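Q: Fold the stuff below for me.
(2 chains)
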Amino acid sequence: MVGIVGYGTKIPRYRIKVEEIAKVWGTDAPSYKRGLNLNEKSVPAPDEDCATLSVNAALNALKRAEIDPAEIGAVYVGSESHPYAVKPTGTIVSEAIGACPYVHTADLEFACKAGTEGMFIALNLVKSGAVPYALAIGADTSQGAPGDALEYSAAAGAAAFIMGNKNLIAELKDTHCFMTDTPDFWRREYKHYPEHGGRFTGAPAYFKHVSGAVDAILGKTNLSPKDFDYVIFHQPNGKFPVQAAKKFGFKEPQYLPGLLSPTLGNTYSGSSPMGFAATLDIAKPGELILLISYGSGAGSDAFVFETTNRIDEVRNRAPKLKKQLDEHKFYIEYGTYAKFRKKILVPN
Amino acid sequence: MRKVAIVGVGLIKWGELWEKSLRQIAAEAIFECLEDAGTDRIDAMTIGNMSGGLFNGQEHLSSLIPDFMGLKNIPAMRIESACASGGMAVRTAYLEVASGLSDFAVAVGVEKMTDISGQEATYALATAADQDHEAFHGVTFPGLYAMMAKAHMDRYGTTREDLSSVVIKNHKNGSLNPNAQFPFEITGDQVLRSPMVADPLRLLDCSPISDGAAAVMLTTLEEAEKLKKQPVLISGIGHATDSLALSSRNDILKMEAVEQSASKALEMAGKSIEDIDFAEVHDCFSIAEIMILEALGVVPPGEGGKASSEGLTALNGKFPVNPSGGLKSKGHPVGATGVAQICEAVAQLKGEAGKRQLKNVKAGLTQNMGGSAGSSVVHILEVI
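A: Predicted coordinates for the structure are as follows:
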């Protein structure tokens, strides 16, 4: 039996509204709000990056896991905004939370799927018996080029999960992956901002892969959508995950608790893991949860978890996601945002 | 010159055809056309394509397409006149047959526009405008047509609702066309709520970026008889050009190329516009259809908007326009559009247009133009 022993999240406190971005670029805010179901997004402070968000999320996960961090045998950080091109984020995180030195660590990258990649590896590493605990983090301070459609959604946040084989809060029932070589979104080396295939990111990319993963996991587990209490899809905006959920007949009570993008934005590697964390914040013992990630390039991971009695004991030991999302937020204007996100070129 | 008839048409469903290549969609339309014509004889091929170079990095379609289809060695040529490339390919195929150079000529129109970003596609399309006097300064086609729309509203009192009536009508027609890219109805409210592109034109005033292909087989009346196919006669062809830049025109609201191409075609067919039962026209923007109605002489100058609002051009109106759904609903793969207009006219004249079939139609007109009407080609088709 393997599963999750602790989870935690971190969301920066700054926010920018869609109207503020649209005002600068002369675009139509209502069409983004209505068309993509996006209202505002989180913005990392100048001293926040993928590493600090990961550390904060991991510390919150440790509060719920109630384990000695030195027992963590593996740390995986999935992100597409690792602070260094060469030098792991994982070592920073491992050191900061006290998991060093007897720990295996790796940085992962698979567009928005890097977080669940870490979860997949961590769960299977624990299952194999190689380590007692493994930490998986999905974290991003995602990039959207100035004026690009991505700028309305590219947000920051992290979710961390400590996997183990005892004192579980959610037991892993099954996993499945669905992957093809589909170039819908990419960032070349030395480039600051990603590029994307516009509408090509929809039907042949996101929807094909999340649907493929759902079909595969339902077939493998012999479950149907109505058997699940909750479902979380990757959230590049507020529209795609709802469309995907409806396609399979999932109802609002199943997908709304994990739908964060309308007020959080797309936290890339953190996106579906954070939706999953928000769902764990409210799930009762014995409930079945389906998690479907998506990463451009392209692939989807599917996970089925069932919560245990311990979920009720630990959820209040760290700040819940909704609290981080809805409270103590500061709205900034585009100028501040541009400065924070280093969109203003300063000589030397 | 010999009389020329259409004995086969081929049209594939248009849209974002990401699973297929330029050569594949062209070949699919041609194969469908051959099936419809009941012959696989091709003496010559004309290919309407605006910008394989900019959209696909592929020129030399005259070798590409026949080669892919196993038709090595046939004479083939690519015809370019911006968005009128398709209509011009049909005209060139007509000349092949009429002149006696070929007995069977296929005209195919093809464009694959969605494999590049919207920005790149906008740039490619803007090369159909005047680079020195328009595009270089930042104006693109929505901007040029917006200027015409503003002027039309100012001089003639054309309203926002008049523009919307074109869009609503074409989507209503397109909802009955299984090959349309956007086969659904839209409301005036949806038009008004769509994002502004270039005032007064909103997103839903503009035709889309599309992938698509269409083909027609042209032959002589004698050969058509041998094939035992009901031929549709091309009884008139008119082609005219105008200044490339809007700023060079005496009147921004006068589409001289459209006027002259239409009058030449009607004269050749021995007809007046009153003898025409319906038209497929180049509604690249809502205002374009309004101005074309005036240029064709269907209504006097300035009355195109009002006529649209009053239902003149509806499927059940006195002069149905764009029964196919037009560029707006059917899609606008630029090089394919002029050929697809002919396909629709043939379907209507042969009574094969399904749910959007017009009643008792004997003569139809197609009008296909490039850029802001810098070139225009008109065909008159008749059942015989």
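
Q: Residue B:281: what's it in contact with?
A: B:288-289, B:292-293, B:296, B:321-322, B:326, B:341, B:366-367 (CB atoms under 8 Å, 6 or more residues apart in numbering or on different chains). Just so you know, the C-beta spots here come from the backbone N, C-alpha and C atoms, and that holds for glycine as well.

Q: Could you list the contact residues of chain A toward chain B?
A: A:27-28, A:30-31, A:197-200, A:203-204 (CB under 8 Å from any CB of the partner chain).

Q: which other residues reach the helix or strand where residue A:263 lies?
A: Assessed by DSSP states H and E, residue A:263 sits inside helix A:261-264. For helix A:261-264, the external contacting residues (CB under 8 Å, 6+ apart) are A:11, A:37-42, A:153, A:155, A:157, A:235-238, A:241, A:271, A:274, A:325-326.

Q: In strands, which of the residues you listed fall?
A: Within those, residues falling in strands by DSSP state E are A:40-42, A:157.

Q: I'd like to check which residues are in contact with residue B:293.
A: B:281, B:299, B:304, B:307-308, B:313, B:321.

Q: can we see that at 7 Å?
A: The neighbours of residue B:293, taking CB atoms under 7 Å, 6 or more residues apart in numbering or on different chains as the test, are B:299, B:304, B:307, B:321.

Q: Give me the spatial nearest neighbour of the last one, chain neighbours excluded.
A: Ranked by CB to CB, 6 or more residues apart in numbering or on different chains and with sequence neighbours excluded, the top spatial neighbour of residue B:321 is residue B:313, at 3.8 Å.

Q: Surely the one you found touches residue B:326?
A: No: in this structure residue B:313 lies outside contact range of residue B:326 using CB atoms under 7 Å: 10.0 Å.

Q: Between the two, point out the one with more neighbours.
A: Shown here are residue B:313 and residue B:326; by other CB atoms under 10 Å in any protein chain shown, residue B:326 has more neighbours (32 against 29).

Q: how far away is the closest residue to chain A within the stretch 251-384 of chain B from residue B:325?
A: Closest approach between the stretch 251-384 of chain B and chain A, counting by CB to the nearest CB: residue B:331, at 13.7 Å. Distance of residue B:331 to residue B:325, computed by CB to CB, to the nearest Å: 8 Å.

Q: Would you mind measuring the gap between the ends of stretch B:198-209?
A: This stretch, stretch B:198-209, spans 17 Å end to end (CA to CA, to the nearest Å).

Q: What residues sit buried inside that stretch?
A: By 16 or more other CB atoms under 10 Å in any protein chain shown, the buried positions in stretch B:198-209 come out as B:198, B:200-209.

Q: In JSON lines, list those along with pLDDT.
A: Shown next, in JSON lines, are the buried residues of stretch B:198-209 (pLDDT from 0 to 100):
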{"residue": "B:198", "pLDDT": "95"}
{"residue": "B:200", "pLDDT": "98"}
{"residue": "B:201", "pLDDT": "98"}
{"residue": "B:202", "pLDDT": "96"}
{"residue": "B:203", "pLDDT": "95"}
{"residue": "B:204", "pLDDT": "97"}
{"residue": "B:205", "pLDDT": "98"}
{"residue": "B:206", "pLDDT": "98"}
{"residue": "B:207", "pLDDT": "97"}
{"residue": "B:208", "pLDDT": "96"}
{"residue": "B:209", "pLDDT": "96"}
